[in-house]
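Visitor: Predicted model and sequence follow; I will ask about them next.
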Amino acid sequence: MYAIPLGDEGGELRPLEPWQAEEFLAHMDRGREFIGARNGLPDVVTDLESSRAFLRLYAEKAAADTGRIHGIWFDGTLVGAVILRKLDAEDGTAEAGCWLEPAGAGKGLVTRAARLLIDWAIEVRGVHRVEWVVSSDNEPSIAVARRLGMSKDGVLRASYPYRGRRHDEEVWSVLAPEWRAAKSA
């Protein structure tokens, strides 16, 4: 297996696979309230079976070349993940996303991990456009989109029903030429 360092502070990006369902569930339990404030994943991953099913879904997406998930570890503990929720190499589009539990927040781990994942999507898989869809009130995730050099495409008003309320979502994106220009600058 491989691990990619995420700076000098002890962060690593690694594959996240079904055999790690117990560790993934423990991570979700630690961050359930924090992650669940803006992300429905804690409502999906509630026990070992659902944890395994979620990771199996992404293993199947990886096998079909339609998505990916990689865990973010800090000092040996799984504290978050970055994903390609959607990947369509033929159309040249992808949607990236992330989450962290509190122990991983504020260290720049998501930005560094997302940068690696987006770079892979563009440079290896030939994706032309990577989107980042985020709740309008999720300032930390919007800040990541900005640090990744993404542009705000617009707001989808009341598009995301979550926990009894409809939320606005912002769509941010970066195009391959913009990504490459920022890398070479």
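Guide: Done, it's in.

Visitor: Under the pLDDT cut-off, which ranges of this protein? List them.
Guide: In the prediction, the chain carries residues with pLDDT under 70 at positions 1.

Visitor: Tell me where it has helices.
Guide: Counting by DSSP state H, the segments of the chain that form helices are 21-36, 41-44, 48-64, 109-123, 139-147, 176-184.

Visitor: Tabulate those (JSON lines), appending distance to residue 75.
Guide: Heads up, the C-betas are built off the backbone N, CA and C, glycines and all. Listed next are the helices of the chain as JSON lines, based on distance: least, C-beta to C-beta, whole Å:
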{"stretch": "helix 21-36", "distance to residue 75": "13"}
{"stretch": "helix 41-44", "distance to residue 75": "23"}
{"stretch": "helix 48-64", "distance to residue 75": "22"}
{"stretch": "helix 109-123", "distance to residue 75": "11"}
{"stretch": "helix 139-147", "distance to residue 75": "21"}
{"stretch": "helix 176-184", "distance to residue 75": "29"}
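
Visitor: of all the ones you listed, which lies closest to residue 8?
Guide: The minimum distance between residue 8 and these falls on helix 109-123, with 11.0 Å, by C-beta to C-beta.

Visitor: now the angle from that closest one to helix 139-147?
Guide: When axes from the mean of the first three to the mean of the last three C-alpha atoms, to 10 degrees is applied, the directions of helix 109-123 and helix 139-147 differ by 40 degrees.

Visitor: Going by neighbour count, which residues in helix 109-123 are buried?
Guide: Taking 16 or more other C-beta atoms under 10 Å as the neighbour-count basis, helix 109-123 is seen to contain the buried residues 109, 110, 111, 112, 113, 114, 115, 117, 118, 121, 122.

Visitor: Next: stretch 158-170.
Guide: By 16+ other C-beta under 10 Å, the buried positions in stretch 158-170 come out as 160, 167, 169, 170.

Visitor: Name the nearest of those residues relative to residue 176.
Guide: Using C-beta to C-beta, residue 170 is the member of those that lies nearest residue 176, at 21.0 Å.

Visitor: Could you check how far residue 122 is from residue 92?
Guide: Relative to residue 92, residue 122 is positioned 9 Å away (criterion: C-beta to C-beta, to the nearest Å).

Visitor: Now the common contact residues for the two.
Guide: Common neighbours of residue 122 and residue 92, counting by C-beta atoms under 8 Å, 6 or more residues apart in numbering, are 128, 176.
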